[in-house]
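1. Here is the input, now give the coordinates:
(chains A and B)
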Amino acid sequence: MQQQQGNRFFFNVDWITVLIYIALCTIGFVNIYASVPPEQTTVFGFSTLYGKQLIYVITGLILGLSILLFDGRLFNVFSPFIYGGTLLLLMAVLVIGNKVAGNQAWIAIGSFKLQPAEFAKFGTALLLARYVGAFNPKFRDVKSIMIAGLIVAVPLLLIMLQPDTGSALVFLAFMFPLYREGLSGYFLLIFLGMIVLFIADFLVPTYILIIIISTIAGLFIYNNRRKQKIIFSTVLVTVFAIGYLFLIKIAYEKVLAPHQRSRIELMLGLKTDNKGAGYNVIQSQIAIGSGQAAGRGFLQGTQTKYGYVPEQSTDFIFSTIGEEWGFMGCSVVIGLYMFLLLRLVNLAERQRSTFSRVYGYSVACILFFHVFINIGMTIGIIPVIGIPLPLISYGGSSLWSFTILLFIFLKLDSNRMGFI
Amino acid sequence: MDQLFNRKYIVQGLFIVIALILLGKLFYIQIISDAAFVSAESNVLRKIYKYPARGAILDRNMKVIVQNEPVYDLMVTPNEVKPFDTLALAQALDISFEDVRKNLKKARGKSSYQATPFLKQISVQSYARLQETLYRFPGFRTQDRTIRHYPDSVGGQLFGYVKEVSPTDIEKSEGFYKPGDYKGKSGLEFSYEETLRGEKGVINTVYDAHNTPQGSYADGKYDVNAVSGERLISGIDMRIQKLGEELMMNKVGAIVAIEPATGEILSLVSSPGYDPNLLVGRNQGNNYMEFIVGNPYRPSLVRPIMGYYPPGSSFKPVDALIGLQEGVIDPNTTFFCPHYYQAGNRKIKCEHFDGSISLRRGIARSCNTYFCYVFQKLITKNGMKNQRQTYQEWRDKVAKFGFGSKLDIDMPYERKGYFYTADHYDKIYGKRWGYTNVISQAIGQGEITATPLQMANAMAIIANRGYYIKPHLIKGIGDKNLVKKEYVVKNYVGVDAKHFEPVIDGMQDAVNTSWGTAILSRIPDVVLCGKTGTVQNPHGKNHSVFIGFAPRDNPKIAIAVIVENAGYGSTYAAPIASYMIEKYLKGSVSGERAAQAEWMKNQNLLPLLIDKTKKTKLTKADSLLLKKADSTKRVKDSLRIKSATIKQTVTTKPKELKSAIIDKPVTNK
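-> Predicted coordinates for the structure are as follows:
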């Protein structure tokens, strides 16, 4: 009995996930070490980037393990407070935050800098899980969709005010857990359709798009000409789609900042700019491409070593991996992420409580968004959106928030037999 | 619930699809395309070239005749340039304010982060001045280069010139030459480019994103030191090369002197010449236009190897040799010369009247009739019907002397001369032609033309009594003094040694007896054997030609001299040859002859330039003036009369040349 007591905290923990976590953190540390300019690697000190990252990794691991010491039920109980706390931080940052590169995203506490947007993710995930777990809505009615939408939208809008579009975008990941819990697949399709139309609107003249949409709608209505309800909704969708097309044009000119516009145009290949806004992406692709199959080897990447890729230890850390470890290294990293994501979904599915399942899905999908957007950005298939590569990019806030996100789920998972 | 559980697979499927998209794009940029790899190299690597010094060229007495002089290119890296005192830089470089701006703009246009030439070939003096202030102009640095220097200021066409490579050169070299490299463009600089150029060195430096040097690439593993070009030793004797160019001053023509035993060329003069130092340095382009292209007497035509001249009477010894070898004559054969030779319905005039004339005297007196008979006998020896075949046989035998084909001298652009085959005459005359149609070749006129090099080589053959070594300028390449294989092989011409003595007797008489054609060119204590030629020239006055060798026994020098439009061979070509030979054999031209040589140097024999674009007819008065000028000149050559020009409608005034101040044609007012 005594022995069981001693093991209680770490009982049933999914150690495989912990191992992947440690592996990714190690890969991050190694590549941050490689990204630092050569003259700074001579002294191994904690003032260097990799020195600090080592502290973050160690403290992160301690943080993660100490989360396992909590009672899992606490997260359910305290989720409104955690959510509220992160909202307060998000509001605080707008007032007392430091402006870095145009974004008011950081709160400085002494020499330590905190990024509330990172922590808002698990706050939101917890409250959403609690809402779904408590009321078990099937999202067939407008009310439940509205409530879930509100939980996600509040932090999202606060982050947009910083403005940090990248972090805000990640909140769209919550669509997937809601989908899993019964939200209609049409929402995903509409979301997908909006992205497709957005891109198409830049590449094809608007009137051609309107003709195409109308034709498809016409055929669809003709096929279902007996079913009034379908005809009605199809017309509605078509009208919205066409309206959306014009909205994009207006929003594009009025809402998006010039640098965001140029990032989108660069990604779509509408313009090339090797020195200005395109510099990051071009240099990142050069670095990754020059890695070839096997990579140049640890510390041998010239693009990395001589600082050709800006933001290399943070958002563009993947370019270091690409250059020094090549296609094989990239495959290993993507493989590890995929293994982690698929495992998280499987773990989520084995939960007895809806709270844990929703939370698990949220964790997996947030990680997925980060990985997809970040890597996609470094290889030029997504416009430059400044969000970190989970567990690998340099930065304490990001590392810790992912650690908390992940280890809360591991704790919930270890309690999967109990009720939360 | 089951239905919702299936949504797990949709989410997981999405994860996998996205992962595959990422891997697909990675596979493309990392494995399929190598564009990124190339860009990465050019991102970080900057190559700084170290240019080697070109090899020096020495003459046969080991005197340096081509050497190097240091110069400096001012390079600029535009994005390292900070605002600077433009005026101060302009002053330091001795260029205009606008030039500084213009050059900087040009450099910016090429590359902003690579060093590009701002001003090329700054002299040592300017460099010394510049160096004191260079620290005030960040982004500028100097690059060491060397340029050619020719201490004797002669031999322009012989040495050729060195110039920055053109885009065509780069393309042709398949990447060996890079922009900014230098390359020999003509003369020896061209033919021995591979020996002279040396190997370029390179220092690979790694640069970071801020264009700050980060040290050597791979610890200098790929760095290469510059290797200087190899030395060349030429057969040229600078003493007579210089004398030759002085003697040919203000004359159009060529001199080629060969050492018969080795085939080494002792002197190769093309006139008008130019100072090779003009085609060095920053004014190369301008000087080229002014002195080479702008000279109406076309110095770019390297007359010793490119000029076509009918050999004229100087061809007669070859005629005689083949006649002797074929047995159609023997040393005692005589022909009757009635002051002309009757070929069918044509008469070929002879300049003298000797009656019955022997071989020896025929050569000494340059008897046209004698050699027409020899030619007639050669072509008709197998009967009248086989003339075509015998002509071809004769032509092949003459061709062995080097006529009608290149002698493979180690200089570019050598030409082979005209020497028609029987086939060619078939085209002109149909099948029915005989010796009378081609008789003018007997006396070296008509269709046959030869370069001065071929004529000198023919003399080398006679001096050697039957063989030649291909004439060449370079006798030692590099420290091992290698020589090209083809320049040691003896080429026999198919005439037995015994047949040479009668011919040489005649040539000796031509110079050394009272009845010879070149008696004024005798050299004290040296037996000079030679043959004058007065070559009819359809375009103007006769060319003055002399070919010869000396001394008779164990000859040291064979020579051909051509002075265009100068009249008799004995008047100009023969004396010039004799001064050259005397200088070579004795070290100097002595006694009275020294003064004669000086006189010769001062002769202006530049032909009048007829403006071909204007079809003006010579009025009678004009032609009379011209004739008078000629005759006056011939009589009072030594007086150097100054006088007014004749009317501009007739002639264009030759452009004033730096090396040649042209005497105006003389008129009596």
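
2. The stretch 101-250 of chain A against chain B: which residues are in contact?
-> A:176, A:179, A:180, A:181, A:182, A:185 (CB under 8 Å from any CB of the partner chain). For every residue, glycine as well, the C-beta is placed using N, CA and C.

3. what about the fourth one, neighbour count?
-> Neighbourhood size, residue A:181 [other CB atoms under 10 Å in any protein chain shown]: 23.

4. Any idea how many residues pack against the nearest residue to it once chain neighbours are set aside?
-> Once flanking residues are discounted, residue A:181 sits nearest to residue A:132: 5.4 Å by CB to CB, 6 or more residues apart in numbering or on different chains. Neighbours of residue A:132 under the rule other CB under 10 Å: 28.

5. cool, residue A:161 as well?
-> 13.

6. Determine the longest strand present in the chain.
-> Assuming you mean chain A. Longest strand of chain A, by residue count under DSSP state E: strand A:103-109.

7. wait, chain B
-> Chain B, longest strand under DSSP E: strand B:64-76.

8. residues of that one that come out buried?
-> B:65, B:66, B:67, B:68, B:69, B:71, B:72, B:73, B:74, B:75, B:76 (16 or more other CB atoms under 10 Å in any protein chain shown).

9. I'd like those residues as CSV, with distance to residue A:81 and pLDDT appended.
-> Shown next, in CSV, are the buried residues of strand B:64-76 (distance: CB to CB, whole Å; pLDDT from 0 to 100):
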residue, distance to residue A:81, pLDDT
B:65, 97, 89
B:66, 92, 89
B:67, 90, 89
B:68, 85, 88
B:69, 86, 85
B:71, 80, 86
B:72, 76, 87
B:73, 73, 86
B:74, 71, 87
B:75, 67, 86
B:76, 65, 86
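
10. could these go into a markdown table alongside distance to residue A:397?
-> Formatted as a markdown table, the buried residues of strand B:64-76 follow (distance: CB to CB, whole Å):
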| residue | distance to residue A:397 |
| --- | --- |
| B:65 | 77 |
| B:66 | 72 |
| B:67 | 70 |
| B:68 | 65 |
| B:69 | 66 |
| B:71 | 60 |
| B:72 | 56 |
| B:73 | 54 |
| B:74 | 52 |
| B:75 | 48 |
| B:76 | 46 |
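
11. and the residue in chain A positioned nearest to chain B, what is it in contact with?
-> At 2.3 Å from chain B, residue A:289 is the closest residue in chain A, using CB to the nearest CB. With contacts defined as CB atoms under 8 Å, 6 or more residues apart in numbering or on different chains, the neighbours of residue A:289 are A:322, B:29, B:30, B:33, B:34, B:35, B:36, B:37, B:39, B:40.

12. Near the last one, how many other residues are there?
-> When neighbours are defined as other CB under 10 Å, residue B:40 has 24 of them.

13. Same check on the first one?
-> Taking other CB under 10 Å as the criterion, the count of residues near residue A:322 is 36.

14. now the second one
-> By the measure other CB under 10 Å, the count of residues near residue B:29 is 23.

15. Got the confidence number for it?
-> On the pLDDT scale, residue B:29 is placed at 89.

16. Not counting sequence-adjacent ones, nearest residue to it?
-> residue A:289 (4.1 Å).

17. so that neighbour is in which element?
-> Using DSSP states H and E, residue A:289 maps to helix A:279-290.

18. Need the residue closest to the centroid of chain A.
-> Residue closest to the mean C-alpha point of chain A, counted by CA atoms, centre = their mean, is residue A:370 at 3.0 Å.

19. packing partners for the longest strand of chain B?
-> With contacts taken as 3 or more CB pairs under 8 Å, 6 or more residues apart in numbering or on different chains; DSSP states H and E, strand B:64-76 sits against strand B:57-58, helix B:97-110, strand B:116-122, helix B:124-133, strand B:140-149.

20. so which of these comes closest to chain A?
-> Smallest distance to chain A across the helices and strands packed on strand B:64-76 (CB to the nearest CB): 14.0 Å, for helix B:97-110.

21. quick one: that closest one near chain A?
-> No. Residues of helix B:97-110 are not located near chain A by CB under 8 Å from any CB, the shortest gap being 14.0 Å.

22. Outside of that helix itself, list whatever touches it.
-> Residues contacting helix B:97-110 (CB under 8 Å, 6+ apart): B:76, B:78, B:81, B:86, B:87, B:89, B:90, B:93, B:116, B:117, B:118, B:119.

23. swap in stretch B:231-241?
-> B:55-63, B:65, B:152, B:154-155, B:158, B:188, B:192, B:195-196, B:257, B:259, B:262, B:264-269, B:472-479, B:481, B:580, B:583-584, B:587.

24. and if you look at stretch B:69-87?
-> So stretch B:69-87 is contacted by B:93, B:97, B:100-101, B:103-104, B:107-108, B:111-124, B:127, B:130, B:136-149, B:211, B:281 (CB under 8 Å, 6+ apart).

25. cutoff 7 Å now
-> The contact list for stretch B:69-87 (CB atoms under 7 Å, 6 or more residues apart in numbering or on different chains) reads B:97, B:100-101, B:104, B:107-108, B:112-124, B:127, B:136-147, B:149, B:211.

26. hmm, which of these are the buried ones?
-> With neighbours counted by 16+ other CB under 10 Å, those contain buried members at B:100, B:104, B:107, B:114-123, B:127, B:137, B:139-143, B:145-147, B:149.

27. nearest spatial neighbour of residue B:510, skipping sequence neighbours?
-> Nearest residue to residue B:510, sequence neighbours excluded (CB to CB, 6+ apart): residue B:516, at 4.1 Å.

28. Send over stretch B:91-101 as CSV, restricted to the C-alpha atoms.
-> Extracted in CSV, the C-alpha atoms of stretch B:91-101 (Å, rounded to 0.1, in the frame of the first residue of the first chain):
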residue,chain,number,x,y,z
GLN,B,91,42.0,63.9,-57.4
ALA,B,92,43.9,61.0,-56.0
LEU,B,93,43.1,59.0,-59.1
ASP,B,94,43.6,61.8,-61.5
ILE,B,95,40.2,61.3,-63.1
SER,B,96,37.2,63.6,-63.3
PHE,B,97,34.5,64.0,-60.8
GLU,B,98,31.9,62.6,-63.2
ASP,B,99,34.1,59.6,-63.9
VAL,B,100,34.0,58.7,-60.2
ARG,B,101,30.3,58.8,-60.2
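
29. residues of it that come out buried?
-> Buried-residue list, stretch B:91-101, by 16+ other CB under 10 Å: B:92, B:93, B:95, B:100.

30. Looking at those residues, which is nearest residue B:576?
-> Nearest to residue B:576 among those: residue B:95, at 44.9 Å, using CB to CB.

31. quick one: the closest one and residue A:27, what's the gap?
-> Separation of residue B:95 from residue A:27 (CB to CB, to the nearest Å): 58 Å.

32. Just give the number of residues close to the residue lying closest to residue B:552 once chain neighbours are set aside.
-> Excluding its sequence neighbours, the residue lying closest to residue B:552 (CB to CB, 6+ apart) is residue B:527, at 4.1 Å. Applying other CB under 10 Å, we find 17 residues neighbouring residue B:527.

33. Okay then, goodbye and thanks.
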